[in-house]
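Asker: Compute the structure for the input listed below.
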Amino acid sequence: ITDLAEGRQHYIIVSEPIAVNGEILGHVYIRASLQELDALWRKFLLWSAAILAVASLIALLLASRLQRVVSDPLERLKKTAQTISQQKNYTLRATQESYDELGDLTHAFNDMIAAVEARDEELLALNRQLAENEKALENINAELESRVAERTAELASSHDRLRHSTLILETVLDSMSQGLIAFDKDLKLLVWNKKLSEVRGYPDSLLQAGSDHADFMRFDLHDEAFGYRDPDETLRQLLDEVKRFGVHRFTRERRDGKVIEVSGGPIADGGFVSTYEDVTLRKQAEAALKEARDAAESANQAKSQFL
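Answerer: Next up is the predicted model:
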(Lines give C-alpha, C1' and ligand atoms only; values in the text may rest on other atoms or scores of the structure.)
Protein backbone atom coordinates (compact mmCIF):
# COMPACT_ATOMS: atom_id res chain seq x y z
CA ILE A 1 0.00 0.00 0.00
CA THR A 2 1.39 3.35 -1.04
CA ASP A 3 0.12 6.85 -0.41
CA LEU A 4 0.84 8.98 -3.43
CA ALA A 5 0.23 12.69 -3.84
CA GLU A 6 -0.02 14.23 -7.27
CA GLY A 7 -0.63 17.92 -7.21
CA ARG A 8 -3.50 18.60 -4.81
CA GLN A 9 -4.95 15.12 -5.04
CA HIS A 10 -4.01 12.15 -2.96
CA TYR A 11 -4.14 8.56 -4.18
CA ILE A 12 -3.76 5.24 -2.49
CA ILE A 13 -2.11 2.44 -4.52
CA VAL A 14 -2.46 -1.22 -3.60
CA SER A 15 -0.25 -3.80 -5.33
CA GLU A 16 -0.48 -7.54 -4.69
CA PRO A 17 1.31 -10.40 -6.56
CA ILE A 18 -0.65 -13.25 -8.18
CA ALA A 19 0.98 -16.63 -7.36
CA VAL A 20 -0.03 -20.15 -8.25
CA ASN A 21 1.87 -23.04 -6.71
CA GLY A 22 4.55 -20.69 -5.72
CA GLU A 23 4.91 -19.24 -9.16
CA ILE A 24 4.16 -15.59 -9.62
CA LEU A 25 1.99 -15.15 -12.59
CA GLY A 26 1.57 -11.38 -12.34
CA HIS A 27 0.50 -8.49 -10.14
CA VAL A 28 -2.75 -6.77 -9.27
CA TYR A 29 -2.42 -3.02 -9.23
CA ILE A 30 -5.20 -0.82 -7.74
CA ARG A 31 -5.05 2.97 -7.67
CA ALA A 32 -7.80 4.87 -5.76
CA SER A 33 -8.26 8.60 -5.33
CA LEU A 34 -8.59 10.00 -1.74
CA GLN A 35 -10.38 13.17 -2.80
CA GLU A 36 -13.79 11.89 -1.78
CA LEU A 37 -12.40 10.70 1.59
CA ASP A 38 -10.78 14.09 2.15
CA ALA A 39 -14.06 15.84 1.37
CA LEU A 40 -15.88 13.53 3.77
CA TRP A 41 -13.29 14.22 6.45
CA ARG A 42 -13.53 17.98 5.98
CA LYS A 43 -17.30 17.77 6.12
CA PHE A 44 -17.03 15.79 9.37
CA LEU A 45 -14.72 18.37 10.86
CA LEU A 46 -17.06 21.18 9.85
CA TRP A 47 -20.03 19.41 11.33
CA SER A 48 -18.09 18.65 14.49
CA ALA A 49 -17.08 22.27 14.84
CA ALA A 50 -20.65 23.38 14.25
CA ILE A 51 -21.98 20.89 16.77
CA LEU A 52 -19.31 21.98 19.28
CA ALA A 53 -20.20 25.65 18.74
CA VAL A 54 -23.90 24.96 19.15
CA ALA A 55 -23.24 22.86 22.25
CA SER A 56 -21.06 25.61 23.71
CA LEU A 57 -23.77 28.17 23.02
CA ILE A 58 -26.38 25.95 24.61
CA ALA A 59 -24.08 25.39 27.61
CA LEU A 60 -23.54 29.12 27.91
CA LEU A 61 -27.28 29.75 27.80
CA LEU A 62 -27.89 26.99 30.33
CA ALA A 63 -25.14 28.34 32.59
CA SER A 64 -26.59 31.82 32.38
CA ARG A 65 -30.03 30.48 33.17
CA LEU A 66 -28.74 28.30 35.99
CA GLN A 67 -26.80 31.26 37.38
CA ARG A 68 -30.01 33.22 37.57
CA VAL A 69 -31.80 30.25 39.10
CA VAL A 70 -29.05 29.43 41.65
CA SER A 71 -26.99 32.56 42.19
CA ASP A 72 -29.78 35.14 42.28
CA PRO A 73 -31.76 33.42 45.09
CA LEU A 74 -28.53 32.93 47.02
CA GLU A 75 -27.65 36.59 46.52
CA ARG A 76 -31.09 37.69 47.69
CA LEU A 77 -30.81 35.33 50.67
CA LYS A 78 -27.42 36.87 51.49
CA LYS A 79 -28.84 40.40 51.30
CA THR A 80 -31.74 39.41 53.56
CA ALA A 81 -29.30 37.97 56.11
CA GLN A 82 -27.19 41.13 56.00
CA THR A 83 -30.26 43.35 56.45
CA ILE A 84 -31.42 41.30 59.46
CA SER A 85 -27.92 41.44 60.97
CA GLN A 86 -27.58 45.20 60.51
CA GLN A 87 -31.09 46.25 61.53
CA LYS A 88 -31.61 43.58 64.21
CA ASN A 89 -35.06 43.16 62.68
CA TYR A 90 -35.92 39.51 63.11
CA THR A 91 -39.37 39.91 61.59
CA LEU A 92 -37.90 39.92 58.07
CA ARG A 93 -38.11 36.71 56.02
CA ALA A 94 -36.48 35.50 52.82
CA THR A 95 -38.83 34.84 49.89
CA GLN A 96 -39.07 31.15 48.97
CA GLU A 97 -39.00 31.09 45.15
CA SER A 98 -38.94 27.34 44.55
CA TYR A 99 -39.42 24.00 46.21
CA ASP A 100 -36.07 22.47 45.34
CA GLU A 101 -32.89 22.43 47.42
CA LEU A 102 -32.71 26.24 47.31
CA GLY A 103 -36.31 26.39 48.50
CA ASP A 104 -35.45 24.01 51.35
CA LEU A 105 -32.46 26.20 52.22
CA THR A 106 -34.65 29.33 52.25
CA HIS A 107 -37.26 27.55 54.37
CA ALA A 108 -34.61 26.41 56.85
CA PHE A 109 -33.21 29.97 56.98
CA ASN A 110 -36.68 31.38 57.72
CA ASP A 111 -37.21 28.76 60.44
CA MET A 112 -33.90 29.76 62.00
CA ILE A 113 -34.83 33.47 61.91
CA ALA A 114 -38.25 32.61 63.39
CA ALA A 115 -36.52 30.78 66.27
CA VAL A 116 -34.20 33.75 66.78
CA GLU A 117 -37.20 36.11 66.73
CA ALA A 118 -39.03 33.99 69.31
CA ARG A 119 -35.92 33.95 71.47
CA ASP A 120 -35.56 37.72 71.03
CA GLU A 121 -39.19 38.27 72.04
CA GLU A 122 -38.68 36.07 75.09
CA LEU A 123 -35.60 38.07 76.04
CA LEU A 124 -37.48 41.33 75.54
CA ALA A 125 -40.36 40.03 77.66
CA LEU A 126 -37.91 38.92 80.34
CA ASN A 127 -36.18 42.30 80.22
CA ARG A 128 -39.52 44.07 80.59
CA GLN A 129 -40.45 41.76 83.45
CA LEU A 130 -37.06 42.37 85.04
CA ALA A 131 -37.51 46.13 84.69
CA GLU A 132 -40.98 45.86 86.25
CA ASN A 133 -39.60 43.71 89.05
CA GLU A 134 -36.79 46.19 89.66
CA LYS A 135 -39.33 49.00 89.77
CA ALA A 136 -41.51 47.02 92.16
CA LEU A 137 -38.44 46.21 94.26
CA GLU A 138 -37.52 49.88 94.38
CA ASN A 139 -41.06 50.70 95.53
CA ILE A 140 -40.91 47.94 98.13
CA ASN A 141 -37.50 49.15 99.32
CA ALA A 142 -38.79 52.71 99.52
CA GLU A 143 -41.83 51.51 101.45
CA LEU A 144 -39.66 49.37 103.73
CA GLU A 145 -37.31 52.28 104.34
CA SER A 146 -40.30 54.43 105.18
CA ARG A 147 -41.66 51.77 107.52
CA VAL A 148 -38.24 51.26 109.08
CA ALA A 149 -37.93 55.00 109.61
CA GLU A 150 -41.40 55.11 111.15
CA ARG A 151 -40.68 52.03 113.25
CA THR A 152 -37.33 53.48 114.32
CA ALA A 153 -39.04 56.68 115.33
CA GLU A 154 -41.68 54.67 117.22
CA LEU A 155 -39.00 52.58 118.93
CA ALA A 156 -37.06 55.69 119.83
CA SER A 157 -40.21 57.23 121.23
CA SER A 158 -41.06 53.98 123.05
CA HIS A 159 -37.51 53.79 124.34
CA ASP A 160 -37.74 57.34 125.64
CA ARG A 161 -41.09 56.61 127.26
CA LEU A 162 -39.73 53.36 128.70
CA ARG A 163 -36.66 55.12 130.04
CA HIS A 164 -38.85 57.83 131.53
CA SER A 165 -41.15 55.20 133.06
CA THR A 166 -38.13 53.31 134.35
CA LEU A 167 -36.77 56.45 135.98
CA ILE A 168 -40.16 57.10 137.57
CA LEU A 169 -40.37 53.48 138.74
CA GLU A 170 -36.85 53.63 140.16
CA THR A 171 -37.69 56.89 141.91
CA VAL A 172 -40.87 55.40 143.34
CA LEU A 173 -39.11 52.23 144.42
CA ASP A 174 -36.24 54.12 146.00
CA SER A 175 -38.67 56.37 147.86
CA MET A 176 -40.38 53.39 149.52
CA SER A 177 -39.83 52.86 153.19
CA GLN A 178 -39.67 49.14 152.53
CA GLY A 179 -37.03 47.09 150.75
CA LEU A 180 -38.41 45.51 147.59
CA ILE A 181 -37.17 42.58 145.54
CA ALA A 182 -38.72 40.62 142.62
CA PHE A 183 -37.76 37.35 140.88
CA ASP A 184 -38.97 35.86 137.58
CA LYS A 185 -40.43 32.40 137.04
CA ASP A 186 -36.90 30.94 136.95
CA LEU A 187 -36.15 32.58 140.29
CA LYS A 188 -33.72 35.08 138.74
CA LEU A 189 -33.46 38.61 140.15
CA LEU A 190 -35.51 41.18 138.22
CA VAL A 191 -36.01 44.33 140.30
CA TRP A 192 -34.86 45.73 143.65
CA ASN A 193 -34.58 49.10 145.36
CA LYS A 194 -31.98 50.83 147.48
CA LYS A 195 -33.90 50.31 150.70
CA LEU A 196 -33.49 46.54 150.34
CA SER A 197 -29.75 46.70 150.94
CA GLU A 198 -30.28 48.96 153.94
CA VAL A 199 -32.88 46.64 155.49
CA ARG A 200 -31.22 43.33 154.67
CA GLY A 201 -27.60 44.27 154.15
CA TYR A 202 -27.21 42.47 150.82
CA PRO A 203 -23.84 43.25 149.16
CA ASP A 204 -23.69 44.96 145.75
CA SER A 205 -22.11 41.84 144.21
CA LEU A 206 -25.30 39.93 144.99
CA LEU A 207 -27.67 42.67 143.83
CA GLN A 208 -27.15 42.06 140.10
CA ALA A 209 -29.85 41.34 137.51
CA GLY A 210 -30.03 37.59 136.94
CA SER A 211 -28.73 36.57 140.36
CA ASP A 212 -30.29 33.36 141.62
CA HIS A 213 -32.81 33.43 144.49
CA ALA A 214 -30.99 30.56 146.20
CA ASP A 215 -27.94 32.81 146.68
CA PHE A 216 -30.06 35.31 148.61
CA MET A 217 -31.48 32.52 150.76
CA ARG A 218 -27.99 31.19 151.48
CA PHE A 219 -26.94 34.70 152.49
CA ASP A 220 -29.91 34.93 154.88
CA LEU A 221 -29.43 31.42 156.31
CA HIS A 222 -25.73 31.98 156.98
CA ASP A 223 -26.38 35.36 158.61
CA GLU A 224 -25.34 34.86 162.24
CA ALA A 225 -27.87 37.47 163.28
CA PHE A 226 -30.71 35.02 162.57
CA GLY A 227 -28.99 32.00 164.10
CA TYR A 228 -30.34 29.17 161.93
CA ARG A 229 -29.30 25.80 163.36
CA ASP A 230 -29.38 23.77 160.08
CA PRO A 231 -29.02 26.19 157.14
CA ASP A 232 -28.86 23.48 154.45
CA GLU A 233 -32.08 21.75 155.51
CA THR A 234 -33.81 25.07 156.00
CA LEU A 235 -32.67 26.13 152.51
CA ARG A 236 -34.19 23.00 150.94
CA GLN A 237 -37.51 23.57 152.71
CA LEU A 238 -37.61 27.24 151.78
CA LEU A 239 -36.82 26.50 148.11
CA ASP A 240 -39.69 24.03 147.94
CA GLU A 241 -41.99 26.64 149.44
CA VAL A 242 -40.77 29.47 147.21
CA LYS A 243 -41.32 27.47 143.99
CA ARG A 244 -45.05 27.45 144.73
CA PHE A 245 -45.11 31.25 144.20
CA GLY A 246 -47.76 31.67 146.87
CA VAL A 247 -48.77 34.63 149.02
CA HIS A 248 -46.39 34.93 151.97
CA ARG A 249 -46.12 37.02 155.08
CA PHE A 250 -43.81 36.35 158.04
CA THR A 251 -41.36 38.05 160.41
CA ARG A 252 -37.74 37.30 161.26
CA GLU A 253 -36.25 38.51 164.55
CA ARG A 254 -32.53 39.00 164.70
CA ARG A 255 -30.43 38.34 167.79
CA ASP A 256 -29.84 42.06 168.15
CA GLY A 257 -33.61 42.53 168.55
CA LYS A 258 -34.20 43.91 165.09
CA VAL A 259 -37.42 42.55 163.53
CA ILE A 260 -37.84 42.20 159.75
CA GLU A 261 -41.28 41.65 158.26
CA VAL A 262 -41.39 39.91 154.86
CA SER A 263 -44.55 39.93 152.74
CA GLY A 264 -45.42 39.48 149.07
CA GLY A 265 -47.09 37.35 146.48
CA PRO A 266 -46.92 35.92 142.91
CA ILE A 267 -46.44 37.91 139.68
CA ALA A 268 -48.97 37.40 136.86
CA ASP A 269 -46.53 35.90 134.32
CA GLY A 270 -44.55 33.86 136.88
CA GLY A 271 -42.22 34.67 139.74
CA PHE A 272 -42.96 36.68 142.86
CA VAL A 273 -42.28 39.95 144.63
CA SER A 274 -41.42 40.48 148.29
CA THR A 275 -41.03 43.49 150.55
CA TYR A 276 -38.73 43.71 153.58
CA GLU A 277 -39.67 46.16 156.29
CA ASP A 278 -37.92 46.93 159.56
CA VAL A 279 -40.84 46.75 162.03
CA THR A 280 -38.70 46.84 165.16
CA LEU A 281 -40.18 50.11 166.44
CA ARG A 282 -43.68 48.97 165.60
CA LYS A 283 -43.17 45.70 167.40
CA GLN A 284 -41.69 47.55 170.37
CA ALA A 285 -44.67 49.90 170.38
CA GLU A 286 -47.04 46.97 170.17
CA ALA A 287 -45.20 45.29 173.04
CA ALA A 288 -45.30 48.48 175.13
CA LEU A 289 -48.98 48.92 174.33
CA LYS A 290 -49.63 45.33 175.31
CA GLU A 291 -47.73 45.82 178.58
CA ALA A 292 -49.71 48.99 179.28
CA ARG A 293 -52.96 47.21 178.46
CA ASP A 294 -52.00 44.29 180.70
CA ALA A 295 -51.03 46.70 183.46
CA ALA A 296 -54.33 48.51 183.10
CA GLU A 297 -56.26 45.27 183.23
CA SER A 298 -54.30 44.19 186.33
CA ALA A 299 -55.08 47.54 187.96
CA ASN A 300 -58.74 47.20 187.13
CA GLN A 301 -58.84 43.73 188.57
CA ALA A 302 -57.07 44.91 191.78
CA LYS A 303 -59.52 47.83 192.06
CA SER A 304 -62.48 45.52 191.65
CA GLN A 305 -61.23 43.22 194.34
CA PHE A 306 -60.62 46.15 196.66
CA LEU A 307 -64.11 47.43 196.23
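
Asker: When you work out contacts or count neighbours from here on, use the C-alpha atoms and nothing else.
Answerer: Noted.

Asker: so where's the chain uncertain?
Answerer: Applying pLDDT under 70 to the chain flags the ranges 1-10, 67-70, 223-240, 242-243, 302-307.

Asker: May I ask you to name the longest helix in it?
Answerer: Ordering each helix of the chain by length in residues (DSSP state H) puts helix 101-174 first.

Asker: gap between that helix and the chain center?
Answerer: With Cα atoms, centre = their mean, to the nearest Å as the basis, helix 101-174 stands 13 Å off its chain's centre.

Asker: after it comes which helix or strand?
Answerer: Note on helix 101-174: by DSSP states H and E, the next helix or strand toward the C-terminus is strand 179-183.

Asker: Which strands or helices does the very next helix or strand once past that following strand pack on?
Answerer: On the C-terminal side of strand 179-183, the closest following helix or strand by DSSP H and E is strand 189-192. On a contact count with 3 or more Cα pairs under 8 Å, 6 or more residues apart in numbering; DSSP states H and E, strand 189-192 meets strand 179-183.

Asker: ok, residue 114 touching residue 90?
Answerer: Yes. In this structure, residue 114 is within contact of residue 90 by Cα atoms under 8 Å, at 7.3 Å.

Asker: ok, the two, which is more surrounded?
Answerer: Using other Cα atoms under 10 Å, the more surrounded residue of residue 114 and residue 90 is residue 90, with 19 against 16.

Asker: so who does that one touch?
Answerer: Contact analysis of residue 90 by Cα atoms under 8 Å, 6 or more residues apart in numbering lists 84, 113, 114, 116, 117.

Asker: looking at this, it is in a strand?
Answerer: No. Per DSSP: H, G, I helix; E, B strand; the rest coil, residue 90 lies outside any strand segment and is coil.

Asker: Next up, phi/psi of it, please.
Answerer: The phi and psi values for residue 90, taken as degrees, to the nearest 10, are phi -90, psi 10.

Asker: and the gap between it and residue 13?
Answerer: Distance of residue 90 to residue 13, computed by Cα to Cα, to the nearest Å: 84 Å.

Asker: Which helix or strand contains residue 16?
Answerer: For residue 16, the enclosing helix or strand under DSSP H and E is strand 9-20.

Asker: Would you check how far apart the closest residue to residue 258 other than its chain neighbours and residue 256 are?
Answerer: In space, and not counting its chain neighbours, residue 258 is closest to residue 280: 5.4 Å by Cα to Cα, 6 or more residues apart in numbering. Remark: distance between residue 280 and residue 256 (Cα to Cα) = 10 Å.

Asker: now swap in residue 107 and tell me
Answerer: Relative to residue 256, residue 107 is positioned 115 Å away (Cα to Cα).

Asker: more crowded one of those two?
Answerer: Neighbour tally, residue 107 and residue 256, criterion other Cα under 10 Å: the higher count belongs to residue 107, 18 against 8.

Asker: Nearest residue to that one in space, please, no chain neighbours.
Answerer: Spatial nearest neighbour of residue 107, excluding adjacent residues (Cα to Cα, 6+ apart): residue 96 at 6.7 Å.

Asker: Residue 103 is in contact with the one you found, correct?
Answerer: Yes. Checked against Cα under 8 Å, the pair residue 96 and residue 103 is within contact range at 5.5 Å.

Asker: what does the next helix or strand after the strand holding residue 16 rub up against?
Answerer: The C-terminal neighbour of strand 9-20 among helices and strands, as given by DSSP H and E, is strand 23-33. Contacts with strand 23-33, where a contact means Cα under 8 Å, 6+ apart, come from 9, 10, 11, 12, 13, 14, 15, 16, 17, 18, 19.

Asker: helices or strands next to the following helix or strand past strand 23-33 in the packing?
Answerer: The C-terminal neighbour of strand 23-33 among helices and strands, as given by DSSP H and E, is helix 35-87. Packing partners of helix 35-87 (3+ Cα pairs under 8 Å, 6+ apart): strand 9-20, helix 101-174.

Asker: Can you lay out those as JSON lines showing distance to residue 215?
Answerer: Output for those, formatted as JSON lines (distance: least, Cα to Cα, whole Å):
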{"stretch": "strand 9-20", "distance to residue 215": "153"}
{"stretch": "helix 101-174", "distance to residue 215": "23"}
